[in-house]
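Participant: Here is my input, please return the structure:
(3 chains)
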Amino acid sequence: MGSPKKWLNKKWLNKKPLLVSAAVLTATAGIPFAVYAGTPSTVTLSVYIGYDANNPQAQANLYNKTLIPLFEKENPGIKVTWSYYSSSTQENTELQTAVATHQGPNVFELGTTFIPTAYATKSFHVLSAADWKAIGGKAKFFGPQLTMSGPNPNNYIGVPEMMLPFAMVYNTKLLKAAGISKPPTTWTQFVNDAKKMTNASKGQWGTVIDPEDSYDPWKIVWAYSKQLGSDFLSPNLKKATLDSPQVVNAMTFWFDWLTKYKIVAANDLTYKNSDALQQFENGHIGMWVFQGPSLIPSLNQSAVKGEYAFAPLPTVPYGMTSRPKGGTPTQTIVSGQDLAIPSYTTGATYQAALKWIKFITDPKQQQELFNVYGDLPVNQQAYKGDAALNTPMMKAFVQSEEHASPTPFSGDWGNLETIFAGVTNKLADELATNTFKPADIASQLQAANAQVQQSLQ
Amino acid sequence: MTHSMSLERRFWQRLRIVLLIVFGLAILLPIAYVVLVSLTPDTEVGGGSIFPTHIAWDNYRLMWSTVHLAHDIGNSVLISGCTGVLATLVALLASYVLSRFRFRGRKPFMVSLITMQTIPQVMMLLPLFVILVIIQNALRVHLVGQYVTIIVTYLTFALPFACWLLLSYMANIPIELEEAAQMDGCTRWQVLTRIVLPLILPGMVVTFVFSFLLGWSDVLFASVLTTPSTQTVAVGLQSYIATGESGGSVFWGQLMAASLTSGIPVVVIFLFFQKFIIGGLANGAVKG
Amino acid sequence: MVDQSNVSISAQSISVRRDRRKRNRPPYWMIAPAVFLLAVIVAAPFLVSIYTSFTSLNQYSIGNWLHAPFVGLKNYISAFTQGSAIGASALQSLWVSVAFSLLTTLCITPIGIVAALLVNTPFRGRSWVRALFLIPYVMPVFVNAITWRLLFMNGWGLVDKVLAWLHLASVNTFWLIGPNSFWAMVIADVWSSWPFIYLMVLAGLQGIPNDLYESAYMDGATQVRCFFSITLPSLRPILSLALLLSTLNHFNNFTLPFIMFGTPPSPQADVLPLNVYVTSFQTFNFGLGAAMSLITLVLMMIPAYFYIRMLRLGEATT
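Facilitator: Modelled structure (predicted):
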């Protein structure tokens, strides 16, 4: 395979009348059209990021008007182009095709839980000490965030870009109306408070579940399992433990919200994250666990503006007064976005990619990202002197980050997430159609465990 | 006897009216609901009442900026249009040869045409990408994400059906005309352009429309083979649904407004060519 | 489909035959573009995926896919034996797909025929009705899928609201998950694909000579009788072709369930193309995905075989 840079310089496609009309079309629509022309001394760097459909205009402005011009001014000879993926499925396929063909973007923005999968492909640069120096050193980042960058400190492939610690968002008005003075810190209190806020006839519920979502359920069940002292994989990553009593207990507890405590609506069984959000925004939900700061822009445009707050997740399991032996006070997973450089990016382009990553993780740019996305900076310096980052709400998130646990660093984690989503989907199906038996939780988790185990070998 | 005939006729006329109403409702009700939702403010979608408290024309304004709707529809028109035209031309040439000549490999080729229609497209996605990159490296050109690539891909997927359609039209063109022309010293090319082409034009319109639709509707290949600057509207609309994934609410109102808008160009094309399509199908495909 | 150019060759004298043969040497360049495109865009990837189906291509080997470990028939065995915790197993999906494609084809056939008969004879406003009938088919599949997702939304979708209003079912009837999801998929697909049959039948009706009906009426035949003894038999060739095409298309329908349900869908709606997609692209098991596709392909060849026989590949028919 030839050097990946060469085809970037080919101009012949521009001669085609088709492409000319295409260029006209795109130009009139005001979209940056990547022109694959340049002098040999110029390095073209393409970065691939997630689309921000909440505020696409702000994202486009951030890259086109702020970040790229500044970077290109500071680094003459480097041209930066960016494109985006609209969904996690597209992120997946783009990564797969790039890895299979050794061609594609030079810098990938990847979710932290996706880094183990990326690492498994052996197609991303393991950052050397010199590379870290070029980026500005590991010390500038929040420590827990780096735990998802690679299997061990000598084999990091990801550089933290933004972080998304999770917490519990609650409706302050509903909490007050139910006579609750402060958000719960144990799951027993959580259930009791939720019962107080539930008023089915008014369509008002203590909390909400979204078992049809691909990502929310495993996070909640995983955190609860960690508090009980178990995980989804054994510490050496060789054995799947989805069928452990603690995980079964955690999953049962989650569905008990519907079946036993009646603190969520039966409608929730079809929910994805966005449906739950809609309910919360319409003021129907008291507390919603495992949500991050990226929700804030959306909440501020909704009916609950000014009537919501964040609190850390409860850390004592239901019916207990303290955590069992081995349990950790897990409040959030290590989550956010990392930047990684695929190994087909070499030479001058690789150096340019490192420069770009340093640029993006410097305090000023970190604040810019925060302003647009609402995700928190990973650079500790970025918090100094920025009022918006020092509100009580933001401090709650930063505290939560300190109790963040990394998910197991296994190349099969992505697979596990999908399989887990399949289990919650199936259980929700059964509940929705009244064919659910409590024993199904254990048997479904066992089947899932067997399937995960198969891919681990 | 005439009396009973008219009674019977009246019965059928009544039945027709009833059935027409049933069909009309079945088609229009879902569409009407979509129009309604497209005019509902986001905060009221999923609420208790079907009708919104006020009409949110804003959805039709905001959709142009939330996703790059105009740009994506433009891409779809360009890509599907080129697909339709090119598929028709390539299929015209191929079907002419297939219907007028016997040669070795003819039968295997026709069998494989049909086989190709049965290949699950999902299966082709990654391998196709790999092949494209191999070509890309060999020829030192940039293919992935270019209009050319996605057009060529759709064009090829459209070929089997296009060839099949045109083959049946070819069979209906009397060979004597062509023979006479050849006697008069016309070359093959002249025969094709002067004799066959005018006669097969209705068939070509049908082929164009079906190939166009194929490109317009695809989501799978477009999501991998296009970049944001070349993406089709089918991919563009996905980002509405993906907002939900990344922790935002789905803008149902805008999504429906954008869906309706993106459906309009195809509806117009289809209705414009309607007479051709029915007449064309009747003259060609059916009499085989 | 008669290949007239060759029918009468044997009757010609030898000299004429030579002359014709020279003139009839096919202009290969005309077919070359089609052959080239099909080879590059369809055949080559197809061969790659056959190869893939015998390897354990996954996230660990995708970076160097040419050297993915060879595992023989393991993927094929897993496709038939392995249960799946995600959605349906491959075997289950197969049944879902078969049931889905046969059932939808069965539903749209009478609807399409009735619709075509309705607008076959002229009446005022006929062209409007004809246009209206085409709309569901013309709307892009993804738009239809989004529409029906909305209609079937639990609790607030129109379907649930109407059913509750008629006291037929609870307003909380789940359509997008559980066993109903299969029916939701069938309904959505029937709604958007019946005009295909309608189009084909309408075209077929144009080809039936009017005097057939006239003489039947003279003999006092009723409309129903005419339909069964004249219309339906005349429609047989086009109809069977349309049915086969429709079965194939429905079997490979990926977009509709993909957008209606998202991934992973309920096992009851987990059609094979969707299952292959999740297996390959979301759990990174490309080997198994390719094996499942090839099994699909073999199955599709059954209707395709009849299809090929029906077309007779342009051979001379008597």
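
Participant: residues from the stretch 351-457 of chain A in reach of chain C?
Facilitator: By C-beta under 8 Å from any C-beta of the partner chain, the residues of the stretch 351-457 of chain A that approach chain C are A:411-412, A:414-415, A:418-419, A:421-423, A:425-426, A:428-430, A:432-433, A:444, A:447-448, A:450-451, A:454-455. Placement of C-beta: from N, CA and C, glycine included.

Participant: If we use 6 Å, what do you get?
Facilitator: Proximity of the stretch 351-457 of chain A to chain C (C-beta under 6 Å from any C-beta of the partner chain) is limited to residues A:Gly411, A:Asn415, A:Thr418, A:Ile419, A:Gly422, A:Asp429, A:Ala432, A:Thr433, A:Ala447, A:Ala448, A:Gln451.

Participant: Can you tell me which of the residues you listed end up in helices?
Facilitator: Cross-referencing those against helices under DSSP state H gives A:Asn415, A:Thr418, A:Ile419, A:Gly422, A:Asp429, A:Ala432, A:Ala447, A:Ala448, A:Gln451.

Participant: Now for those residues: which two are most distant?
Facilitator: A:Asn415 and A:Ala432 (25.9 Å; C-beta to C-beta).

Participant: re earlier: mind putting the residues of the stretch 351-457 of chain A next to chain C in CSV, distance to chain B included?
Facilitator: Below are those laid out as CSV (distance: C-beta to the nearest C-beta, whole Å):
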residue, distance to chain B
A:Gly411, 18
A:Asn415, 17
A:Thr418, 14
A:Ile419, 18
A:Gly422, 17
A:Asp429, 20
A:Ala432, 18
A:Thr433, 22
A:Ala447, 24
A:Ala448, 22
A:Gln451, 21
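
Participant: who's more crowded, A:Asn415 and A:Ala432?
Facilitator: Between A:Asn415 and A:Ala432, counted using other C-beta atoms under 10 Å in any protein chain shown, the more crowded position is A:Ala432 (27 against 24).

Participant: Just give the nearest non-adjacent residue to A:Val316, would you?
Facilitator: Using C-beta to C-beta, 6 or more residues apart in numbering or on different chains and skipping the chain neighbours, the partner closest in space to A:Val316 is A:Thr186 (3.8 Å).

Participant: Can stretch A:243-257 be said to contact chain C?
Facilitator: No: if you take C-beta under 6 Å from any C-beta as the test, stretch A:243-257 misses chain C, and the best it gets is 11.1 Å.

Participant: Could you pull out the buried residues of that stretch?
Facilitator: Within stretch A:243-257, the residues that count as buried by 16 or more other C-beta atoms under 10 Å in any protein chain shown are A:243-244, A:246-257.

Participant: One more: stretch B:187-203?
Facilitator: In stretch B:187-203, residues buried by neighbour count (16+ other C-beta under 10 Å) are B:Arg188, B:Val191, B:Leu192, B:Ile195, B:Val196, B:Ile200, B:Pro202, B:Gly203.

Participant: Would you mind confirming that the fourth one is in contact with B:Glu179?
Facilitator: No: the criterion here is C-beta atoms under 6 Å, and B:Ile195 misses it with B:Glu179 at 9.9 Å.

Participant: sorry, back to before: pull the most distant pair out of the buried residues of stretch B:187-203.
Facilitator: Maximum pairwise distance among those (C-beta to C-beta): 22.5 Å, between B:Arg188 and B:Pro202.

Participant: Helices of the stretch 251-400 of chain A, start to end?
Facilitator: In the stretch 251-400 of chain A, the helices defined using DSSP state H, counting those that start in this stretch lie at A:273-281, A:296-299, A:347-360, A:363-373, A:392-402.

Participant: How about the third one, which residues are buried there?
Facilitator: When you say that, I think you mean helix A:347-360. Neighbour count says helix A:347-360 has A:Thr349, A:Tyr350, A:Gln351, A:Ala352, A:Ala353, A:Leu354, A:Lys355, A:Trp356, A:Ile357, A:Lys358, A:Phe359, A:Ile360 buried, by 16+ other C-beta under 10 Å.

Participant: what would these look like in JSON lines with distance to C:Pro110?
Facilitator: JSON lines is the format used below for the buried residues of helix A:347-360 (distance: C-beta to C-beta, whole Å):
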{"residue": "A:Thr349", "distance to C:Pro110": "62"}
{"residue": "A:Tyr350", "distance to C:Pro110": "64"}
{"residue": "A:Gln351", "distance to C:Pro110": "68"}
{"residue": "A:Ala352", "distance to C:Pro110": "64"}
{"residue": "A:Ala353", "distance to C:Pro110": "61"}
{"residue": "A:Leu354", "distance to C:Pro110": "66"}
{"residue": "A:Lys355", "distance to C:Pro110": "67"}
{"residue": "A:Trp356", "distance to C:Pro110": "62"}
{"residue": "A:Ile357", "distance to C:Pro110": "62"}
{"residue": "A:Lys358", "distance to C:Pro110": "67"}
{"residue": "A:Phe359", "distance to C:Pro110": "65"}
{"residue": "A:Ile360", "distance to C:Pro110": "61"}
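
Participant: Between the residues you listed, which sits nearest A:Asn61?
Facilitator: Closest to A:Asn61, out of all of the buried residues of helix A:347-360 and judged by C-beta to C-beta, is A:Ile360, at 16.0 Å.

Participant: which non-adjacent residue is nearest the closest one?
Facilitator: Excluding the flanking residues, the one nearest A:Ile360 by C-beta to C-beta, 6+ apart is A:Glu161, at 6.2 Å.

Participant: One more: A:Tyr84?
Facilitator: A:Tyr51 (4.1 Å).

Participant: residues contacting the one you found?
Facilitator: By C-beta atoms under 6 Å, 6 or more residues apart in numbering or on different chains, the contact set of A:Tyr51 is A:Tyr84, A:Ser86, B:Ser239.

Participant: Filter those down to the ones in strands?
Facilitator: Counted as lying in strands by DSSP state E, out of the contacts of A:Tyr51, are A:Tyr84.

Participant: Of the contacts of A:Tyr51, which count as buried by neighbour count?
Facilitator: Here, 16+ other C-beta under 10 Å leaves A:Tyr84, A:Ser86, B:Ser239 buried among the contacts of A:Tyr51.

Participant: Would you agree the last one is in contact with A:Asn54?
Facilitator: No: under the contact definition of C-beta under 6 Å, B:Ser239 does not touch A:Asn54, with a separation of 10.3 Å.

Participant: a markdown table for the buried residues of stretch B:187-203, including distance to B:Thr230?
Facilitator: Shown next, in a markdown table, are these (distance: C-beta to C-beta, whole Å):
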| residue | distance to B:Thr230 |
| --- | --- |
| B:Arg188 | 37 |
| B:Val191 | 39 |
| B:Leu192 | 33 |
| B:Ile195 | 39 |
| B:Val196 | 35 |
| B:Ile200 | 32 |
| B:Pro202 | 32 |
| B:Gly203 | 31 |
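
Participant: where does the chain dip in pLDDT?
Facilitator: No chain in the question, so chain A it is. Within chain A, the segments meeting pLDDT under 70 span A:1-40, A:457.

Participant: oops, I was thinking of chain B
Facilitator: Within chain B, the stretches with pLDDT under 70 are B:1-5, B:43, B:46-49, B:242-249, B:279-288.
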